[in-house]
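1. please find the sequence and the predicted model below.
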Amino acid sequence: MQLTETEPPEALRLLRAGRVDVAVMFRYDDTAPEDSGIHMVHLLDDPSYLVSGTAPGEVTDHAGSAWIAGCDRCRSHLLDVCDKAGFEPRIAFTSDDIVAVQALVAAGLGLTMLPGLALAAHRHPDVEVAVVPGSTRHVYAAVYGEPPYPPATEALLTALRDSASPGL
């Protein structure tokens, strides 16, 4: 087995090109649907958390705050959540690195939103978190085409479904 790390759009390109058999990826409710031919196997729902150096409160409390954004899909989701809260966030930093993002938050340089799985993998001791109601990342195993899949692909899908558990 080989692991290739990439963002969801590139993962789908690799899947369609036959360079990977399964792509573990995420999407939000506001993410555009995948192209036809891609079969999405739901693994888990992963809540989003507001991450701050102090008691985070709610998203609406931070209209004037500096924000730290992540990948394009995460940034788009952050913009959507803030828009629903009635403001456009002031993006001060952008990074896909959850360790660096939390270090910036702990240093008081902004706040961010992170998924529970990211916080379960690493949580800076000097950050506080609060769940963001209505903001959930959905994690899927994407495969090209319809079942039945080759035995190795089926085995991987089974293992992924069996091991999937939410973050915090």
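-> Thanks, I have the structure now.
2. C-alpha from now on. contacts and neighbour counts both.
-> Noted.
3. next, the buried residues of the longest strand along the chain.
-> Ranked by residue count under DSSP state E, the longest strand found in the chain is strand 128-144. In terms of neighbour count (16 or more other Cα atoms under 10 Å), strand 128-144 has its buried residues at 128-132, 135-144.
4. which residues are contacting it?
-> Counting by Cα atoms under 8 Å, 6 or more residues apart in numbering, the neighbours of strand 128-144 from elsewhere in the structure are 12, 15-16, 21-29, 37-59, 81, 115, 157, 160.
5. and these, which are buried?
-> 12, 15-16, 21-28, 38-40, 42-53, 56-57, 59, 81, 115, 157, 160.
6. distance from the chain centre to stretch 18-34, please.
-> 11 Å (Cα atoms, centre = their mean, to the nearest Å).
7. what about that stretch, how long is it end to end?
-> Start-to-end span of stretch 18-34 (Cα to Cα, to the nearest Å) is 16 Å.
8. contacts for it?
-> In contact with stretch 18-34 (Cα under 8 Å, 6+ apart) are residues 7-8, 11-12, 14-15, 73, 77, 135-144, 153.
9. before we move on, back to that, distance from the chain centre to the longest strand of the chain, please.
-> 6 Å.
10. contacts for the next helix or strand after that strand, please.
-> Using DSSP states H and E, the helix or strand that follows strand 128-144 in sequence is helix 151-163. With Cα under 8 Å, 6+ apart as the test, helix 151-163 has contacts from 21-22, 43, 141.
11. before we move on, the earlier item: mind checking which of the contacts of strand 128-144 are in helices?
-> 12, 15-16, 81, 157, 160 (DSSP state H).
12. need those residues in a markdown table with distance to residue 104, can you?
-> Shown next, in a markdown table, are the ones in helices among the contacts of strand 128-144 (distance: Cα to Cα, whole Å):
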| residue | distance to residue 104 |
| --- | --- |
| 12 | 31 |
| 15 | 34 |
| 16 | 37 |
| 81 | 21 |
| 157 | 36 |
| 160 | 32 |
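13. what's the closest of those to residue 97?
-> Nearest to residue 97 out of these is residue 81 (Cα to Cα; 20.7 Å).
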